[in-house]
Every structure is written in C-alpha cells, then in structure tokens.
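*Asks:* Sharing a sequence plus its predicted fold:
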Amino acid sequence: LNCKAMVLFVSCAAILPVVCTSQTSVLPKGARINNLKVLSDKIDDTTTAENILKSFVKPGMSEAARARAIWTAAVKYRHQTTPPNEFLSGEWEAHDPAKIFNVYGYCMCCCCSSIIESLNRLDGREARGRILNGHSVPEVKYGDSWHMFDCSLITLFPDPDTGQIAGVDDISKSVKDWYK
C-alpha cells in the first residue's frame, strides 16, 4: 500500500469498529450490518440523486451555473465505455445517476444524457434528450432557450458572443453555415 492508501486504511480501521460497536450492541454475535454509509467532508456525497445535487449545486447559483455544476458531477464520476447490462428489463442499460456514479462508473451517450436530464429535472429545470449526428445528447432549458451539456464526450459549446452554452439547433446551424 502507498502512504495515502495506508492512512485511509488505518483511518477506516479505527473508525469502523466504533461505528459498528455502537450499532451492533443490540444485534446477536456474528450478525451482519447492511447499508453502512461512511461519509467524509473530503469527498462529494453521491449516494442518491438528491445528495449529488447537494454536493454540486449551491444556493445562490444561477440556472446556468446549476446546470453546469450537474454536468461537472457527471464528468467527474463516470467514464466513457460500453454501458453495463443489468438484465433487469428490456432497457438493459443503467440510467440511475447514483448507480452509475457509485456502482459502475461507466456508461455511454444515452446513459449520460439520462444522468444530465434526471438531475436537472430534479433541480427544477426542463430537460430532454436529442440526437446530434447519431449521438445522444441532453439539453437543459433555462433563460428561455435550450443548452446542450454532453458529459459523454465532455463537450460544451459556448456561444462566442454571449458566452451561453449553445443548444443542438444552434450547433447544427453553425456546422451547416460553416459547410456553406
């Protein structure tokens, strides 16, 4: 173990018996403890969608800043590769933000879109999925317009005039204009 891992291991080894002892005093010897949640003030709480918002979205932030903070969370806690197959339904890919962040840590474009969409909806903004040249992307509505926050390919397109994040229609129009 390196020094950081050793400190973490020793810290957890010192803390867990105290936590477990206080909770297991009423349990029979050898009983299991389930749903143990260990948190630190040094890392974001990503255990639920609500806690993801509390960790990244702060009071007083503008709608644009809130949407970007959610995008930052998704970029931070997942990487791009073939999504996991849960074999739970016909829609086999995992789309739950807390599950992606804590269990798998990876997914592709449609799963990424669902993360951005669900967290923004939970935070009170409209959100929708779009297709951009065969790629699934999310758009978030604030300030009377739509803005694309692609955490799959870690892409934002700020408008050079306004600084606002562009939406799919704006991006498509710019590409078509460039080709002309």
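*Replies:* Nice, I can see it.

*Asks:* Which stretches in the protein count as helices?
*Replies:* With DSSP state H applied, the chain shows helices at 3-24, 49-56, 63-76, 97-99, 109-122, 168-179, listed in chain order.

*Asks:* what about the residue nearest the centre of the chain, distance to P97?
*Replies:* The geometric centre of the chain, computed from its C-alpha atoms, lies nearest to A74 (CA atoms, centre = their mean), at 3.2 Å. Distance from A74 to P97, counting by CB to CB, to the nearest Å: 7 Å. All C-beta spots, glycine's among them, are computed from the backbone N, C-alpha and C.

*Asks:* where do the contact lists of those two overlap?
*Replies:* Shared contacts of A74 and P97 (CB atoms under 8 Å, 6 or more residues apart in numbering): I115, L119.

*Asks:* okay but the residue nearest to the centre of the chain is in contact with C112, surely?
*Replies:* Yes: distance between A74 and C112: 6.4 Å, which falls inside the contact criterion (CB atoms under 8 Å).

*Asks:* any low-confidence regions in the protein?
*Replies:* Counting by pLDDT under 70, the chain shows low-confidence ranges at 1-25, 89, 91.

*Asks:* please redo it, this time with the cut-off set to 50
*Replies:* Applying pLDDT under 50 to the chain flags residues 1-24.

*Asks:* Compute the number of surrounding residues for the residue nearest to A74 when sequence neighbours are not counted.
*Replies:* Once flanking residues are discounted, A74 sits nearest to C151: 3.7 Å by CB to CB, 6 or more residues apart in numbering. When neighbours are counted by other CB atoms under 10 Å, C151 registers 26.

*Asks:* so how far is H79 from C151?
*Replies:* Plainly put, C151 is 10 Å away from H79 if you go by CB to CB.

*Asks:* count of residues packed around the closest residue to E139 other than its chain neighbours?
*Replies:* Nearest-residue entry for E139: W146, 4.3 Å, with adjacent residues in sequence omitted and distances by CB to CB, 6+ apart. Burial of W146, expressed as a neighbour count using other CB under 10 Å, amounts to 20.
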